[in-house]
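Visitor: Quick one, structure for this:
(chains A and B)
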Amino acid sequence: MTTAADGAQPADEELVRLVAQGDSDALAQLFKRYAGAVYSLAYRMLNDREGAEELLNEAFVRVWRQAPSYDVRRGKFSTWLMSVTRNLSIDELRSRRARPQRSDPLTPDDPDLDPVDERVDVERDVWQAEQRRLIRQALRELPAAQRQALELAYFEGLTQSEIAQRLGDPLGTTKTRVRLGLQKLRDLLLTSDLGAEMS
Amino acid sequence: MISHADLREMIAPYALGALDPPDLAAVEEHLNDCAFCANLAREAGEVGHYLSYAAPYRAVPEGGLARLMASIRPSSFTAVPRVVAALAPSGEVPKRRFRPRLPAWLRSPSAVPLAASLLLMLGLTGWNAELMRELHGERDEMNLLHQRLGEQSHLLVMVTSHTAVTRPLESTALAPSAQVRLIMDGDTNSAMLMANRLPPLPPGRVYQVWLGRQGARMPAGRFMVDQQGDGECNLELDDSVHSYDSAWITLEPMKGTPTPNSPGVAKGTL
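Guide: Model (predicted):
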């Protein structure tokens, strides 16, 4: 969903070009398109509302600062953005592992308990929700051990050695699970409705 | 020396960022020289990208965009105008003196058209401020509509999910016509509440959803209803969606409360 063939809305890449020129309205449009996906990923990785909010802001500040160096030939904007989000989350997780702290999934007296969603592109939201459903479905079809290995690697930023240690499995077994799991996941996604999007 | 076959097997963990440092260095070096493996890495990276969408949906908290805009704005400062600062001894800013009388040129009859223009300008400024207020009001309304549309699109996906289950909540005497359903999806570990025909909300009040587990209760979200009494709410979960055994809705202050303060308008076991 990076282009708008009907011309109703500028493509992501056009917006990034404008952001690179200092157009904050273009940044706001990108925020409205992807804030949900970024916040959801950050929340999943950090399991912490406050941390996820911080990270959401930081990810888009990075977009603002690094837009001039974004090269469309190296991949879609959404891929870049989610990669920035994940890397920031992993940095935060590693920092937290060094100084353990309580996760706080829900604070009852938090004034933001019932947030106003600032998204505006409903068609895009539906597509993102559909992507979410398809990827969850594909993950469900993986053997549980492979799925667990992939999730530990992706959402917790663990290396294969760390995964093996966490699960008490031999390193070789973990390596096989990661490799086969990702390969099978790709095959499943290619045969799903996401296949047309993938190369 | 690592074989080509071994390097190829490292592509998947490389794409997930799961390689340990020595292997990472070897793969990065190899990718510079091997177009075939570089392509495999790109494909694997794409799958990794889709994994980001496996995270359960979370609504973006209010004020995120305003915060971002404040973050990228150049830092504001209250500079003293150069001329004023230059006139003030030792950099001290001179205090503005109060003048109780109008200047002579403004008291002359020829100043009447000017005064009329000033009044007109003041009137236009007031009108403009009123328009701005209306605009902000409409923007708030738009935000609420967008929120509802977002919630409804998420709801649509949930109700069509094969793994979602629906549990009705029973309305109480406080809301005899209400129909409330809780849709729970263990696959995405998410839950939504869909309410119809709830009584209109008094000013400053909101409906709050509670989830119960083994006698304990937790606030799981708040929502408002439209003129028909319809509303949706994406629930906050602190554990597996199937770990809760009850749910109910109460009428609470706008910001919500940590414990229910009013009788439920709907309740049920899950």
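Visitor: does chain B sit close to stretch A:22-39?
Guide: Yes - residues of stretch A:22-39 are located near chain B by CB under 8 Å from any CB of the partner chain, namely A:24, A:27, A:28, A:31, A:32, A:35, A:36, A:37, A:39. (Glycine included, C-beta is placed from N, CA and C.)
Visitor: Name the nearest of those relative to residue A:153.
Guide: residue A:37 (19.4 Å; CB to CB).
Visitor: Point me to the helix or strand that includes that closest one.
Guide: Here residue A:37 is covered by helix A:24-46, with elements defined by DSSP states H and E.
Visitor: Check which helices and strands that helix sits against.
Guide: Counting contacts by 3 or more CB pairs under 8 Å, 6 or more residues apart in numbering or on different chains; DSSP states H and E, helix A:24-46 packs against helix A:12-20, helix A:49-66, helix A:77-98, helix A:122-141, helix A:144-156, helix B:64-72.
Visitor: Can you mark which positions in that helix are buried?
Guide: Under the neighbour-count criterion of 16 or more other CB atoms under 10 Å in any protein chain shown, helix A:24-46 has A:26-46 buried.
Visitor: what's the angle between that helix and helix A:12-20?
Guide: Angle of helix A:24-46 versus helix A:12-20, following axes from the mean of the first three to the mean of the last three CA atoms, to 10 degrees, is 110 degrees.
Visitor: I'd like to know the average pLDDT value across helix A:24-46.
Guide: On average, the pLDDT along helix A:24-46 is 92.
Visitor: and of the helices and strands packed on helix A:24-46, who's closest to residue A:190?
Guide: Closest of the helices and strands packed on helix A:24-46 to residue A:190 is helix A:122-141, at 9.8 Å (criterion: CB to CB).
Visitor: can I have the closest one written out in PDB, keeping just the CAs?
Guide: The C-alpha trace of helix A:122-141 is given here as PDB (Å, rounded to 0.1, in the frame of the first residue of the first chain):
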ATOM      1  CA  VAL A 122      -9.400   3.700   6.700                       C
ATOM      2  CA  GLU A 123      -8.700   1.700   3.600                       C
ATOM      3  CA  ARG A 124      -5.100   1.400   4.600                       C
ATOM      4  CA  ASP A 125      -6.100   0.500   8.100                       C
ATOM      5  CA  VAL A 126      -8.300  -2.300   6.800                       C
ATOM      6  CA  TRP A 127      -5.400  -3.600   4.700                       C
ATOM      7  CA  GLN A 128      -3.000  -3.500   7.600                       C
ATOM      8  CA  ALA A 129      -5.600  -5.400   9.700                       C
ATOM      9  CA  GLU A 130      -5.900  -7.900   6.900                       C
ATOM     10  CA  GLN A 131      -2.100  -8.300   6.700                       C
ATOM     11  CA  ARG A 132      -2.100  -8.800  10.500                       C
ATOM     12  CA  ARG A 133      -4.700 -11.600  10.100                       C
ATOM     13  CA  LEU A 134      -2.800 -13.300   7.300                       C
ATOM     14  CA  ILE A 135       0.500 -13.300   9.000                       C
ATOM     15  CA  ARG A 136      -1.000 -14.600  12.200                       C
ATOM     16  CA  GLN A 137      -2.700 -17.300  10.200                       C
ATOM     17  CA  ALA A 138       0.500 -18.300   8.500                       C
ATOM     18  CA  LEU A 139       2.400 -18.300  11.800                       C
ATOM     19  CA  ARG A 140      -0.300 -20.600  13.300                       C
ATOM     20  CA  GLU A 141       0.400 -23.100  10.600                       C
END
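Visitor: hang on, the earlier thing: angle of the helix holding residue A:37 against helix B:64-72?
Guide: Using the same axes, to 10 degrees: helix A:24-46 against helix B:64-72 is 110 degrees.
Visitor: how many degrees apart are helix A:24-46 and helix A:77-98 in direction?
Guide: 40 degrees.
Visitor: Pull up the gap between the closest residue to chain A within the stretch 101-250 of chain B and residue B:167, please.
Guide: Going by CB to the nearest CB, chain A is nearest to residue B:222 of the stretch 101-250 of chain B, at 3.8 Å. Distance from residue B:222 to residue B:167, counting by CB to CB, to the nearest Å: 20 Å.
Visitor: neighbour-wise, which of these two wins?
Guide: The residue with more neighbours, out of residue B:222 and residue B:167, is residue B:222; 22 against 17, by other CB atoms under 10 Å in any protein chain shown.
Visitor: Look up which residues are beta-bridged to that one.
Guide: residue B:208 (DSSP bridges).
Visitor: Could you pull out the buried residues of the helix or strand bottoming out on mean pLDDT in chain A?
Guide: Least confident helix or strand of chain A, by mean pLDDT, DSSP states H and E, is helix A:122-141 with a mean of 80. Of the residues in helix A:122-141, A:124-126, A:128-139 count as buried by neighbour count, 16+ other CB under 10 Å.
Visitor: Sketch out the low-pLDDT regions of the chain for me.
Guide: By default, I'm working from chain A. Scanning chain A for pLDDT under 70 picks out A:1-8, A:99-125, A:198-199.
Visitor: not what I meant, chain B
Guide: Checking chain B against pLDDT under 70 turns up B:74-110, B:133, B:136-148, B:150-152, B:154, B:159-160.
Visitor: Could you report the neighbour count for residue B:270?
Guide: 18.
Visitor: scratch that, residue B:199 is what I was asking about
Guide: 15.
Visitor: What residue, apart from its backbone neighbours, is nearest it spatially?
Guide: residue B:175 (5.4 Å; CB to CB, 6 or more residues apart in numbering or on different chains).
Visitor: Next, the contact list for that neighbour, please.
Guide: Counting by CB atoms under 8 Å, 6 or more residues apart in numbering or on different chains, residue B:175 touches B:197, B:198, B:199, B:265, B:266.
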